[in-house]
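J.: Next comes the sequence, and after it the predicted model I'd like to discuss.
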Amino acid sequence: MTAPHPAGDHAGRDPERSRIPLICPRCGHEQQVVPGGPERTVKVVHVGTGREACEPGDLARAPDEGT
């Protein structure tokens, strides 16, 4: 087994830095990236539901922008 690289992982991420969450601009809930592959595209989904779309109830509670 090899020791972790002191400058970060293979993607250049620093293991000491905390991960910045993705927040949905429509409903404000946390999202995550689902990696793609040769036959799939990368998707951004809501953590709680695993769906790309916001839940209708979440949109009703979202703050209005600019009004």
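T.: Great, that's in hand.
J.: Can you show me the helices along this protein?
T.: For the chain, applying DSSP state H gives helices covering 56-61.
J.: Mean pLDDT per helix and strand in it: which one sits at the bottom?
T.: In the chain, the helix or strand scored least confidently by mean pLDDT, DSSP states H and E is helix 56-61, which has a mean of 74.
J.: Could you list the low-pLDDT ranges of this structure?
T.: Within the chain, the segments meeting pLDDT under 70 span 1-17, 60-67.
J.: Please repeat the previous calculation with a cut-off of 90.
T.: Of all residues in the chain, those with pLDDT under 90 make up the ranges 1-21, 48, 55-67.
J.: Tell me where it has strands.
T.: Defined through DSSP state E, the strands belonging to the chain, from first to last, are 22-23, 30-34, 43-46.
J.: The second one - contacts with which helices or strands?
T.: Going back to what we said before, that points to strand 30-34. Counting contacts by 3 or more CB pairs under 8 Å, 6 or more residues apart in numbering; DSSP states H and E, the secondary-structure elements packed against strand 30-34 are strand 22-23, strand 43-46. Any C-beta I mention is one placed from the backbone N, CA and C, and that applies to glycine too.
J.: Let me have those strands in a markdown table, extended by distance to H29 and mean neighbour count.
T.: Compiled in a markdown table, those are given as follows (distance: least, CB to CB, whole Å; neighbours: other CB atoms under 10 Å):
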| stretch | distance to H29 | mean neighbour count |
| --- | --- | --- |
| strand 22-23 | 7 | 13 |
| strand 43-46 | 6 | 15 |
